[in-house]
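1. Can you look at this prediction? I've put the sequence above it.
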Amino acid sequence: MEKFYITTPIYYVNAAPHIGHTYTTIASDVYKRYKRMQGFDARLTTGTDEHGQKIERSAKKAGKSPQDFTDAIAAEFKQTWENFQFGIDFFQRTTSSSHAEKVQELYNRCKANGYIYKSSYTGYYSVVQEAFVQDAKEGDVDPETGQPLELVTEENCFFKLSAFTDKLIAFHEENPDFLQPETRRNEVLAFLKQEGGLKDLSISRTTIKWGIPVPDEPDHVFYVWFDALTTYMSAVSGTELWPADLHMIGKEIVRFHAIYWPAFLWAADWPLPKKIFAHGWLLFDNNKMSKSRGNIVRPEPIRQAMGADALRYYLLREIVFGSDGNFAYDALVTRYNADLANGLGNLASRTLSMIHQYRGGTVKTASGAQTLPISNTISAAIEGYEKLDFSKALESIWGLISAADKYIVEQAPWKLAKDPAAADQLDAVLSNVYDALRVVTVLAAPVLPDSCARIWKLLGFTTPVESELLGQLEDAPTAETRSIPPVEPVFPRLDMKVTIDKLNDLEQQEAARQAVILGKTAEEPKSAVDEGTAIPLAPEITIDDFVKVDLRVGEVKFAERVKGADKLLHLKVDIGEPEPRTIVAGIALAYAPETLVGRKVVIVANLAPRKLRGLESRGMIVAASLEGGKPVLAGFLEHVPIGARLK
RNA sequence: GCCGGUGUAGCUCAGGUGGUUAGAGCGGCGGUCUCAUAAUCCGCAGGUCGUAGGUUCGAGUCCUACCGCCGGCACCA
């Protein structure tokens, strides 16, 4: 049997499983089930990414050792995926010894081939982002979070990524199917074709302890890239599964998979994966999900209230795979009732009931020519699955359900049943509908494994539905009389309000339960920053250090957008000097220029001038920085004179 | 600012290479059947296909400009 190896990303254990993780894993699981039904020996790897400074810190905050902390979260992921009955063959943790060996092997091979060198690097480092901030200067803050930077000189191991720029461009141009959807490939090519090409990549750290040691470099541990990506191989060490046939990822990690990863593998003389598919994000009320917004949705409550299949179906039917999509509880319940309860569930129920009532629970199979669009549905559904166009596959399957419902009304078996002369006709109708239901059940099985297994039994089959082969689906079973068991409902209708209330209740309980595992108190309000990564305090300073900073009250006299930049405002601020100062501030997303004129602000008056977009900025506006959010200017409740110093 | 994508009925979206009255699902309204999970089936939505031009005998479908939204890059002190 030909193998087909699929991977999900490995999930960072800084957070408990949420619906975004679940989405990727569901899609991977569905594809795996589909491939199995195509006759492949399909395998699926997932896992957890457990190293790094953030984890060290979160563990400390939770009062645990990194090992205990990651054990707990990894177990949480594992349990959640087990609850969902995903067909996971390999669950790899980056803290496992088999993984460390593979990472070191990758390194050794790259080094032997001349792609590793050591170099010291001095720069401003953001602890929160675990990354150097390029071109930062003294006094700068983390651009993402506004948190202080540390000046760090570090000896790092570098990977010669720059050597692969041209090869990567050629590769992506010659292999348009390697990275899908198309729009992601365009972005990668645009990135690769940047002036100057790719820069070498720092792959080790001496500032972190919680990581895999670099061979021959006692003070170094591997930084995220070599560590995380290699999981796809280490998970299947000792098998013939590598190279992967499909890396399923979210669009936020495209660059690592489509640029870094092929380069590493080339450098190590290892084969590349066959395909990368990047799906979109789940939005919640059209906003990105984030902890600070408090709109994280967890999978477990949905599973408990509605079943795993309901979530699987909703996510893959409602959202075009590859695009961003909105997630909403009411849409979930609506989809469930319309398509699963009224559609598939009801068709099964009415069909099987008639077979019981009119024919004592036996149906004659393969009665004659197809009168329903079975053949077209099969090919359309398979084509959709193959291209990971799940919504299209489901749409075509549900088209057959619809056709069957219509056919039943047209043929009115309940009338035929009253006419002894129409007995053959009734047999044919029941047989046709039964066969359509059989096809639907098999085709939908990758998405609805649990429900379809139940329907399959109700149809009188004793072998598992997942062992059916899609390639043989169109061949009707040999003519026989099949008896079916008593009818049971598969998708009971759900009351909208009751269900949503239940979902909300369970969600609250689940959030509280997860908070405990993450070492947080449940009541802890959402703070400005991610609770797991509270801003570490900057190093202690003396009063003498502080007085070096000259903070002044100023009034904005003039404000306009800086041409060619969407975050910058050009301000003129009066702090009592003869001329108002020019200050360029990155607050354009948060404040319209006209709303600022006349406003009192706090500025750092003795900051070294800096040129930004051609304007010399003499000072810096003081503002609160929020994670992923917009800056908020400091201000005063009482009247203050222009030029007053803050101490 | 550059690059890519996108803007079609209340909502979610289909509409290869331009061609009769622009489609589906959901919701809503009316009706029907009774096998079925108050399910099914039928009918009803009069939408300037973002805006303005252009090419064409003819454009939602091609071109240009502009506007809105999304993303990538630049940018953020």
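-> Looks like it came in fine. Numbering: from 1, shown residues only, chains lettered A, B, ... in the order given.
2. Can you name the residue of chain A nearest RNA strand B?
-> A:Gly345 (1.9 Å; CB to the nearest atom of the strand). In short, each C-beta sits where N, CA and C put it, glycine included.
3. Regarding that residue, what is its secondary structure?
-> helix (DSSP: H, G, I helix; E, B strand; the rest coil).
4. how about the nearest residue to it, chain neighbours excluded?
-> A:Phe491 (3.5 Å; CB to CB, 6 or more residues apart in numbering).
5. any idea how far A:Leu344 is from the one you found?
-> With distances taken as CB to CB, to the nearest Å, A:Phe491 is found 7 Å from A:Leu344.
6. Common neighbours of the two, please.
-> Counting by CB atoms under 8 Å, 6 or more residues apart in numbering, the residues touching both A:Phe491 and A:Leu344 are A:Ser451.
7. Pull the number of nearby residues for the residue nearest to A:Gly345.
-> Using other CB atoms under 10 Å, A:Phe491 has 26 neighbouring residues.
8. quick one, strands of the stretch 301-450 of chain A?
-> For the stretch 301-450 of chain A, the strands defined by DSSP state E, counting those that start in this stretch cover A:325-327, A:362-364.
9. For A:Gly322, which non-adjacent residue is spatially closest?
-> A:Pro181 (4.2 Å).
10. Next, count neighbours for that neighbour.
-> 18.
11. Could you do A:Ile642 as well?
-> Residues lying near A:Ile642 (other CB under 10 Å) number 14.
12. Quick check: next helix or strand after the worst-scoring helix or strand of chain A on mean pLDDT?
-> Ranked by mean pLDDT, DSSP states H and E, the weakest helix or strand in chain A is strand A:131-133, scoring a mean of 61. Counting by DSSP states H and E, the element after strand A:131-133 in chain order, helix or strand, is strand A:150-159.
13. How about that following strand and RNA strand B, any contact?
-> No. With CB under 7 Å from any atom of the strand as the criterion, RNA strand B is not reached by strand A:150-159; the gap is at least 13.1 Å.
14. average pLDDT for that strand?
-> For strand A:150-159, mean pLDDT is 79.
15. which neighbours does it have in its sheet, and in what orientation?
-> Under the criterion DSSP bridges, strand A:150-159 sits next to strand A:116-126 (antiparallel), strand A:201-202 (antiparallel) in its sheet.
16. now it: how far from the chain's centre is it?
-> The chain centroid and the centroid of strand A:150-159 are separated by 30 Å under CA atoms, centre = their mean, to the nearest Å.
17. Up against RNA strand B, what does the stretch 351-500 of chain A have?
-> A:353-354, A:357, A:402, A:405-406, A:408-409, A:412-414, A:489-493.
18. just checking, which of those residues belong to helices?
-> Taking DSSP state H, the ones among those that sit in helices are A:Ser353, A:Met354, A:Gln357, A:Ser402, A:Asp405, A:Lys406, A:Ile408, A:Val409, A:Pro413, A:Trp414.
19. what number of residues lie near the third one?
-> This points to A:Gln357. The tally of other residues near A:Gln357 (other CB under 10 Å) stands at 12.
20. so what's it scoring on pLDDT?
-> Per the predicted model, pLDDT is 94 at A:Gln357.
21. could you list every residue that touches the closest residue in space to it that isn't next to it in sequence?
-> Excluding the flanking residues, the one nearest A:Gln357 by CB to CB, 6+ apart is A:Ala417, at 7.6 Å. Neighbour list for A:Ala417: A:Met354, A:Gln357, A:Tyr358, A:Leu426 [criterion: CB under 8 Å, 6+ apart].
22. and with 10 Å instead?
-> A:Met354, A:Gln357, A:Tyr358, A:Arg359, A:Ala423, A:Leu426, A:Val429, A:Leu430 (CB atoms under 10 Å, 6 or more residues apart in numbering).
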